[in-house]
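Visitor: coordinates for the following, if possible.
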Amino acid sequence: ASVKKLSDSKIRLLDEGAIVGDDYIDFIIKKGTLEKFVEGQNEFLPNLTDDFVGSVNLGHMDFATFPFIIGEWKKSDLSLVDIDEDGRKGIDVALHLDSESVFVQELQRQPYDIGISSEFYYHVDWESTDDVGYLVVDEVYIFAYGLVGECGNVNSSGLELKGESNMSEEIKTLAED
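Guide: Numbering: from 1, shown residues only. The predicted structure follows:
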């Protein structure tokens, strides 16, 4: 969706399941991971506090490189949503962009679709990783996200994952324990 359509609306921040790169699976977010994050049940990583304020940046550029924050989000802006009949969840976030920012204004002029890409710390489930041959994440701590052209989380940009139906059943049903 265009930035104009995204501003002050909800968009998918992250889904449980496969996170993809250019024709490969980057890693897998285990079922139940996002609910643990939102509900403050992380065991190894910090839990999100009610007063947390996360930033929105442009293209994952860090503040030292590009010292302009173009938006913000709070824990209250997050909502868990069901994404399939197997109980996997996604997190939607209310997008609050700084309408006074020259960068946001320029993005609003552009006709191009964009998405959002999460920035987070993660904890690895090494046993599941060994079982399936892909990195499996069982805890996340989202601290920021960036406006990007293409996302690893396919539902965060409207892009469809080509060949998803050809993914092995083992990958599709990972982390149902």
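Visitor: what is the neighbour count of Val93?
Guide: 23 (other CB atoms under 10 Å). (Glycine included, C-beta is placed from N, CA and C.)
Visitor: now it: how far from Ile25?
Guide: 23 Å (CB to CB, to the nearest Å).
Visitor: what does Ile91 give?
Guide: Taking CB to CB, one finds Ile91 at 20 Å from Ile25.
Visitor: the more surrounded of these two?
Guide: Taking Ile91 and Ile25 together and counting by other CB under 10 Å, Ile91 has the greater number of neighbours (24 against 18).
Visitor: what packs against the helix or strand hosting that one?
Guide: Taking DSSP states H and E as the definition, one finds Ile91 inside strand 89-94. Secondary-structure packing of strand 89-94 (3 or more CB pairs under 8 Å, 6 or more residues apart in numbering; DSSP states H and E): strand 10-15, helix 33-38, strand 78-82.
Visitor: any idea which of the ones you listed gets closest to Phe103?
Guide: Proximity to Phe103 (CB to CB) singles out strand 10-15 among the helices and strands packed on strand 89-94, at 17.9 Å.
Visitor: can you give me the strands in this structure?
Guide: Ranges of strands within the chain are 10-15, 17-20, 25-29, 53-58, 71-74, 78-82, 89-94, 96-97, 115-124, 136-148, based on DSSP state E.
Visitor: comparing those strands by mean pLDDT, which bottoms out?
Guide: Among the strands of the chain, strand 96-97 carries the lowest mean pLDDT, at a mean of 82.
Visitor: and that one, which strands flank it?
Guide: strand 71-74 (antiparallel) (DSSP bridges).
Visitor: contacts for the strand holding Ile91 next, please.
Guide: 8-16, 31-32, 34-35, 37-38, 73, 77-83, 116, 142, 145, 155 (CB atoms under 8 Å, 6 or more residues apart in numbering).
Visitor: name only those of those residues that count as buried.
Guide: 11-16, 31-32, 34, 37-38, 73, 77-78, 83, 116, 142, 145, 155 (16 or more other CB atoms under 10 Å).
Visitor: name every strand pairing with the strand holding Ile91 and say which way it goes.
Guide: In its sheet, and by DSSP bridges, strand 89-94 pairs with strand 10-15 (antiparallel), strand 78-82 (antiparallel).
Visitor: angle of the last one against strand 53-58?
Guide: Comparing the axes of strand 78-82 and strand 53-58 via axes from the mean of the first three to the mean of the last three CA atoms, to 10 degrees yields an angle of 80 degrees.
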